[in-house]
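J.: prediction below, plus the sequence it came from.
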Amino acid sequence: MDALHKISQATGAWLQYEFALGKSNLFNERYLSNPLGAVLGHLYPHQVHAEYLHPILAPTRVGLPGRRPEVDFAVVQDRPNLICAVESKWVGKNGLSADAIIWDLLRLELIAHNSSAKAYFVLAGRKKHLDAFFQSSAFLGKQTPDGRFRRLLKLDQRRNARLRIDSPPLDRLSVYQRIFAAFPTLSFSSRITTSTPATYPVQCQAYQYQAYAWEVLAPANTTRFIPGNNKLYRGEK
C-alpha cells in the first residue's frame, strides 16, 4: 500500500474508531493531527513537525504584520529541506470555501516543486457533509457552456486533475488575485496538478466519517509564472 492510501486509511479508520467511542462531538481540523502525525511518523523515519513555517513563503513575510505562512505537517530531514508536507481540512455541515483549498494546494505545490518533496492534501468529515461539499458551487465552480464543471479536485479514477492558475476561469479569478497580491514576485506553477484520491472507507453510511487524500504533483514540464508580470494579477484590464 502506497503512502497516499495509508494516509487516507489511517485518518479514516481513526475517525471511525473515535466515532464508535462516542467522541464525534470533538471532531474538527485539529483532531486530525493525531492520525496524521502517527501515519507520517510510520511512513518516514525523520522528524515530523506540526504547523511548520513554509520554506518558500515564510521568508518573504519576515517583518510584516500577520502570521507567516505554514503547512499543517512537515517531515524534515535537514532544515530547510522537506521530505513530505501535508495540508488537511475538516469538512463540516457548512462546507469549505474555494479560497481555503486553493491556498492549500498552492502552498503544497511550491514545496513539491522547490523541495522535490511529497505533498499531500487531506479532506475529512462526515460522509454526508463531504458529499454535499462535492456538489457545492465552491467545489464545482461555474458550469461551462458545454455543461462541464472545473472541479477543485478530481474525484474519479480517469486521470489527474489540473487547475489553470495563470489564466483561471472568471469565477475563480478573485480568489487568485487575493492570494497573489501578497506574493507578486514569487514563481508559481501555471497549473496545479493533483492525483486521483485515495478514500477510506470507500463505502459507509451517510452519518459516518471518511477521509480523502490527494497527492499534489509538480510535473517537470509545467510552466511557471510570476503574478506581478501577469496582467490578471497586476490590476490591468
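T.: Cool, the structure landed.

J.: quick one: contacts for the residue nearest the centre of the chain?
T.: For the chain, residue 121 is the residue whose C-alpha lies nearest the centre (CA atoms, centre = their mean; 3.8 Å). Shown in contact with residue 121 (CB atoms under 8 Å, 6 or more residues apart in numbering): 86-89, 101, 104-105, 108, 153, 194, 213-216. Where you see a C-beta, it was placed from the backbone N, CA and C, and this is true even at glycine.

J.: now with 6 Å, please.
T.: Residue 121 makes contacts with 87, 104, 214, 216, as judged by CB atoms under 6 Å, 6 or more residues apart in numbering.

J.: which helix or strand contains the closest residue in space to it that isn't next to it in sequence?
T.: Spatial nearest neighbour of residue 121, chain neighbours left out: residue 214 (4.8 Å); criterion: CB to CB, 6 or more residues apart in numbering. Assigning secondary structure by DSSP states H and E places residue 214 in strand 209-217.

J.: next SSE after that strand?
T.: Heading C-terminal from strand 209-217 (DSSP H and E), you reach strand 224-225.

J.: contact partners of that following strand?
T.: 166, 187, 189, 190.

J.: out of those, who's the most crowded?
T.: residue 189 (24 neighbours; other CB atoms under 10 Å).

J.: and the helix or strand bottoming out on mean pLDDT in the chain, what does it pack against?
T.: Every helix and strand in the chain was compared by mean pLDDT, DSSP states H and E; the lowest is strand 161-164, with a mean of 84. If you count contacts as 3 or more CB pairs under 6 Å, 6 or more residues apart in numbering; DSSP states H and E, strand 161-164 packs onto strand 191-194.

J.: which regions of this protein lie under the pLDDT threshold?
T.: Applying pLDDT under 70 to the chain flags residues 1, 80, 157-160, 235-237.

J.: same thing but 80
T.: 1, 46, 63-64, 66, 78-81, 147, 156-161, 234-237 (pLDDT under 80).

J.: so where's the longest strand in it?
T.: Longest strand in the chain, counting residues (DSSP state E): strand 81-91.

J.: what sits up against the very next helix or strand once past that one?
T.: Reading on from strand 81-91 to the C-terminus, the next helix or strand found by DSSP H and E is helix 98-115. Identification of contacts with helix 98-115 by CB under 6 Å, 6+ apart yields 54, 56, 82, 85, 87, 117, 119, 121, 138, 152, 175, 179, 189, 192, 216, 218.

J.: just the buried residues out of the residues you listed, in ChimeraX syntax.
T.: Restricted to buried positions by 16 or more other CB atoms under 10 Å, the ChimeraX selection for those reads:
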select :54,56,82,85,87,117,119,121,152,175,179,189,192,216,218
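
J.: where along the protein do the strands fall?
T.: 47-53, 70-78, 81-91, 118-126, 161-164, 188-189, 191-194, 198-200, 209-217, 224-225.

J.: quick one: residue 54 and residue 69 touch, right?
T.: Yes. In this structure, residue 54 is within contact of residue 69 by CB atoms under 6 Å, at 4.2 Å.

J.: if we can go back for a sec, now the longest strand of the chain: buried residues?
T.: 82, 83, 84, 85, 86, 87, 88, 89, 90, 91.

J.: and the two most separated of those?
T.: 83 and 91 (27.3 Å; CB to CB).

J.: from the contacts of strand 224-225, pick the one nearest residue 23.
T.: Closest approach between those and residue 23, by CB to CB: residue 189, at 38.9 Å.

J.: okay, and the beta partners of the closest one?
T.: residue 224 (DSSP bridges).

J.: contacting residues for it?
T.: 109, 222, 224.

J.: just the residues you listed now: which is nearest residue 26?
T.: residue 109 (31.7 Å).
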